[in-house]
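K.L.:
dropping a prediction and its sequence here:
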Amino acid sequence: MIGKTTLWRHPGHLVWILAAYVPLLGRMMVPFTGDQKTYIAIAMEMRERGEWLQPLLFGEPNYLKPPFQYWMTLLSWKVFGFNVFATFLPGVLALVGTAWLLNEIASLLGERRWYVNSGLWFAATLGGMTYALSAQMDIYVCLFYAGAWWAGLKFLAEPEDDERRVAWLYAAFAIAGLSSLLKSPLYAAFWVVGYLIYILTSGEWLLLKNRHLYFAWLGGIAIGLLWFIALFVRDGNTFWDQYILHEQFQKGANGGTLGDLWIPLLHMTFPFTLLLFTALRSAWMGRRTAGILRFALAWSIPPALFFSVFPYRTGLYLFILVPALSILVDWSCFRANRTRTFTWLARATGFAMAFGLAAAGFALYRFELVPAWLFLAFVFTGVAAAFVLWFGYVRVFTITALAAVLFFRIASTEVAKIDHGPLVDLVGEPAPYTAAMLDENRDIWHEIGMLSISLGSPMRRLFGYDDVVEHLQRNGVLILSDEQTDKYRITLDHAFAEKGEHLDWRTWKRFKRRSRLPIREILLAGRGSVPETSFTREFSIVRLAGTDAR
């Protein structure tokens with residue numbers, strides 16, 4: 001049992017992360033990113049076909065990304081069942097694993113202090129919350145990147161004559177090689193370049209003469225290329241066209257600027273964004289950095305430099321920098337917390353938290369998306385954050401930041417309950433593949449995967465009118481959008497009436513996506529001051545009258 005004193009220290013303080021992320025994990029959340037819809041759908045189709053090597057979508061190979069994310073989702077479904085909890089649990093575990101590794105790395109960097117909270121800082125960030133609760137690859141990129149750095153630093157920390165040195169070196173390159181299965185072999189190359197930078201700037205020149213360094217490097221390459229070679233042998237032409245040519249070399253430019261790349265990093269590091277500036281200032285001035293700045297630069301330079309010159313720029317690319325910045329800020333809280341700059345930036349952070357949480361809670365409450373108690377919880381957490389930072393209690397602040405994460409998650413489930421709750425009530429718990437959605441355009445962003453896990457049963461994707469008729473004749477349940485309802489309702493009613501059958505149509509009101517809302521009017525006069533059509537769309541739940549999909 002973890003005693004009270006160890007809850008402030010590594011690894012006992014990881015309990016705070018679990019307390020912020022695990023409760024209500026089995027409830028449907030509002031998607032924090034759009035990509036996870038595609039990845040869940042791919043994993044669901046692999047599950048249906050019993051396929052583990054080759055990602056599938058629309059019944060065809062899909063090489064949008066390597067399969068590691070899909071493997072984790074499939075394994076979790078295998079153990080915990082096909083549901084929301086199993087879908088998002090791997091990401092939370094990856095966050096906790098990354099936090100543990102960051103604490104270990106901070107300890108290996110020569111910092112003599114009685115507490116290390118780097119992992120708490122990372123888990124409390126907006127970026128950490130976003131990608132830990134999204135069934136996609138970015139949180140695993142941080143996990144494997146940190147894992148490779150941890151093993152590499154363990155190798156450098158061992159005595160010269162210790163045989164474990166070589167084992168740690170091989171482990172580091174093996175972990176880096178496995179990271180190729182997350183998004184691209186590019187991330188393995190980032191780690192290798194960063195590690196070489198750290199070796200050279202640390203004075204470890206003799207290591208370049210060690211044959212094990214090159215053997216470990218070759219071993220990492222072999223591990224990282226196994227899946228790619230297997231797919232090239234199995235489906236060479238499609239794999240070459242989709243993954244190699246399109247995803248790697250023909251990505252093209254998206255018109256993004258350096259601001260589009262770097263400004264989101266400031267958002268992803270919140271709430272320690274302001275503290276980051278005093279951390280960089282203190283490290284640059286040489287306040288007993290003990291290799292912290294050298295490590296942070298070695299971690300960050302390869303991805304930061306590459307994505308800055310890469311023509312396709314999007315903010316999530318620099319999420320990989322957040323773990324290293326968490327270590328830097330945690331060091332700053334211990335070494336520079338008595339400086340005037342740190343004190344006032346910390347207080348400004350507290351006021352920003354108080355204002356931001358109060359504004360977010362008020363907006364959600366006025367939109368009638370969350371109950372009053374949750375609005376008050378946002379306000380209380382913000383005030384607590386401002387209070388503890390005013391008096392310099394930065395470790396306590398990380399706990400209040402994690403409390404804010406928990407309340408944001410609760411708010412997300414409240415919003416999703418309004419959106420998905422009526423669907424669950426109307427459809428119930430259907431048998432596998434008895435519920436279906438129409439996807440005539442074969443849209444990879446279609447939300448069939450998200451709705452499937454909310455129902456706890458995989459849904460079928462239909463591609464045309466004939467598929468719809470056949471599915472309904474088999475006593476299936478069909479979900480149609482408002483546009484699809486207008487297009488097919490009269491035709492379907494007529495077709496089944498000719499057979500002496502009757503269709504049961506139920507309305508499912510759900511939130512509109514990507515619509516401009518009259519925010520000012522709602523904040524001043526409440527949600528009732530604007531038409532309901534500004535918020536919702538009316539989907540249809542269709543089945544043969546008198547049938548049950550269970």
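P.N.:
On my side now, so go ahead. Numbering: from 1, shown residues only.

K.L.:
what residue ranges in the stretch 251-400 of the chain score low on pLDDT?
P.N.:
251-255, 284-290, 311, 337 (pLDDT under 70).

K.L.:
which residues of it fall in helices?
P.N.:
Using DSSP state H, counting those that start in this stretch, the helices of the stretch 251-400 of the chain run over 258-268, 273-284, 292-309, 322-335, 340-366, 372-390, 394-427.

K.L.:
now the second one, how far from the centre of its chain.
P.N.:
Its chain's C-alpha centre and that of helix 273-284 lie 26 Å apart, by CA atoms, centre = their mean, to the nearest Å.

K.L.:
tell me the buried residues in that helix?
P.N.:
The neighbour-count check on helix 273-284 (16 or more other CB atoms under 10 Å) flags 273, 274, 275, 276, 278, 279, 280, 281, 282, 283 as buried. Any C-beta I mention is one placed from the backbone N, CA and C, and that applies to glycine too.

K.L.:
so what does that helix touch, helix or strand wise?
P.N.:
helix 292-309, helix 322-335, helix 340-366 (3 or more CB pairs under 8 Å, 6 or more residues apart in numbering; DSSP states H and E).

K.L.:
redo that, cut-off 7 Å
P.N.:
Here helix 273-284 touches helix 322-335, helix 340-366, going by 3 or more CB pairs under 7 Å, 6 or more residues apart in numbering; DSSP states H and E.

K.L.:
just how off-centre is the first one within its chain?
P.N.:
Which is helix 322-335. Relative to its parent chain, helix 322-335 has a centroid offset of 21 Å by CA atoms, centre = their mean.

K.L.:
one more: the last one?
P.N.:
Using CA atoms, centre = their mean, the mean C-alpha position of helix 340-366 is found 24 Å from that of the whole chain.

K.L.:
return the residues in contact with the most centrally placed residue in the chain.
P.N.:
Closest to where the C-alpha atoms of the chain average out (CA atoms, centre = their mean) is residue 131, at 1.6 Å. Contacts for residue 131 were tallied using CB atoms under 7 Å, 6 or more residues apart in numbering; they are 138, 139, 319.

K.L.:
what's the nearest residue to the first one if we skip its chain neighbours?
P.N.:
Right, residue 138. Spatial nearest neighbour of residue 138, excluding adjacent residues (CB to CB, 6 or more residues apart in numbering): residue 131 at 4.4 Å.

K.L.:
tell me how far that neighbour lies from residue 40.
P.N.:
Per CB to CB, to the nearest Å, residue 131 is found 15 Å from residue 40.

K.L.:
ok, back up a step: pick the most buried one from the helices of the stretch 251-400 of the chain.
P.N.:
helix 322-335 (a mean of 26; mean count of other CB atoms under 10 Å).

K.L.:
any idea how far apart the tips of stretch 17-37 sit?
P.N.:
This stretch, stretch 17-37, spans 25 Å end to end (CA to CA, to the nearest Å).

K.L.:
where do the helices of the stretch 401-550 of the chain begin and end?
P.N.:
Counting by DSSP H, counting those that start in this stretch, the helices of the stretch 401-550 of the chain are 448-455, 465-473, 482-497, 519-525.

K.L.:
domain ranges for this protein?
P.N.:
13-336, 337-419, 428-544 (automatic domain parsing).

K.L.:
of all the ones you listed, which lies closest to residue 6?
P.N.:
domain 13-336 (7.7 Å; CB to CB).

K.L.:
that closest one: end-to-end distance?
P.N.:
22 Å.

K.L.:
dump the helices of the stretch 401-550 of the chain to JSON lines, plus mean neighbour count and distance to residue 101.
P.N.:
Below are these laid out as JSON lines (neighbours: other CB atoms under 10 Å; distance: least, CB to CB, whole Å):
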{"stretch": "helix 448-455", "mean neighbour count": "23", "distance to residue 101": "28"}
{"stretch": "helix 465-473", "mean neighbour count": "16", "distance to residue 101": "47"}
{"stretch": "helix 482-497", "mean neighbour count": "14", "distance to residue 101": "47"}
{"stretch": "helix 519-525", "mean neighbour count": "13", "distance to residue 101": "41"}
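
K.L.:
any idea how many residues pack against residue 444?
P.N.:
By other CB atoms under 10 Å, the residues close to residue 444 number 15.

K.L.:
ok, residue 55 to residue 41 distance?
P.N.:
Distance, residue 55 to residue 41, by CB to CB: 10 Å.

K.L.:
sorry, back to before: what's the closest of the helices of the stretch 401-550 of the chain to residue 233?
P.N.:
Using CB to CB, the helices of the stretch 401-550 of the chain put helix 448-455 closest to residue 233, at 28.9 Å.

K.L.:
residue 12 and residue 184, how far apart?
P.N.:
Residue 12 is 36 Å from residue 184, by CB to CB.

K.L.:
between these two, which one's more packed in?
P.N.:
Neighbour tally, residue 12 and residue 184, criterion other CB under 10 Å: the higher count belongs to residue 184, 18 against 14.

K.L.:
the more buried one in helix, strand or coil?
P.N.:
Under the three-state scheme (DSSP: H, G, I helix; E, B strand; the rest coil), residue 184 adopts coil.

K.L.:
dig out what residue 61 forms beta bridges with.
P.N.:
residue 56 (DSSP bridges).

K.L.:
so it makes contact with residue 49?
P.N.:
No: counting by CB atoms under 7 Å, residue 61 does not reach residue 49; the two are 11.0 Å apart.

K.L.:
so for those two, which residue has more residues nearby?
P.N.:
More crowded of residue 61 and residue 49, by other CB under 10 Å: residue 61, with 17 against 10.

K.L.:
now do the same for the more buried one: its pLDDT.
P.N.:
pLDDT recorded at residue 61 is 87.

K.L.:
need the contact list for it.
P.N.:
54, 55, 235, 238.

K.L.:
ok, now how distant is it from residue 261?
P.N.:
31 Å.

K.L.:
what of residue 350?
P.N.:
From residue 350 over to residue 261 the distance is 29 Å, taken as CB to CB.

K.L.:
thought residue 426 was touching residue 455, still the case?
P.N.:
No: applying CB under 7 Å as the test, residue 455 and residue 426 come out as separate, 10.4 Å apart.

K.L.:
quick one on the thing from earlier: as CSV, the buried residues of helix 273-284 with distance to residue 314 would be great.
P.N.:
Output for those, formatted as CSV (distance: CB to CB, whole Å):
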residue, distance to residue 314
273, 19
274, 24
275, 25
276, 21
278, 28
279, 26
280, 24
281, 29
282, 31
283, 28
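
K.L.:
distance from the chain centre to stretch 491-498, please.
P.N.:
With CA atoms, centre = their mean, you get 45 Å for stretch 491-498.

K.L.:
no no, stretch 408-419
P.N.:
With CA atoms, centre = their mean, you get 17 Å for stretch 408-419.

K.L.:
stretch 204-223 too?
P.N.:
32 Å.

K.L.:
kindly report the same for stretch 456-463.
P.N.:
24 Å.

K.L.:
show the end-to-end separation of it, please.
P.N.:
Terminal-residue distance, stretch 456-463 (CA to CA): 22 Å.

K.L.:
buried residues in it, which are they?
P.N.:
Under 16+ other CB under 10 Å, the buried positions of stretch 456-463 are 456, 457, 458, 459, 460, 461, 462.

K.L.:
circling back to that earlier point, distance to residue 373 added to the helices and strands packed on helix 273-284, as a markdown table?
P.N.:
Below are these laid out as a markdown table (distance: least, CB to CB, whole Å):
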| stretch | distance to residue 373 |
| --- | --- |
| helix 322-335 | 31 |
| helix 340-366 | 10 |
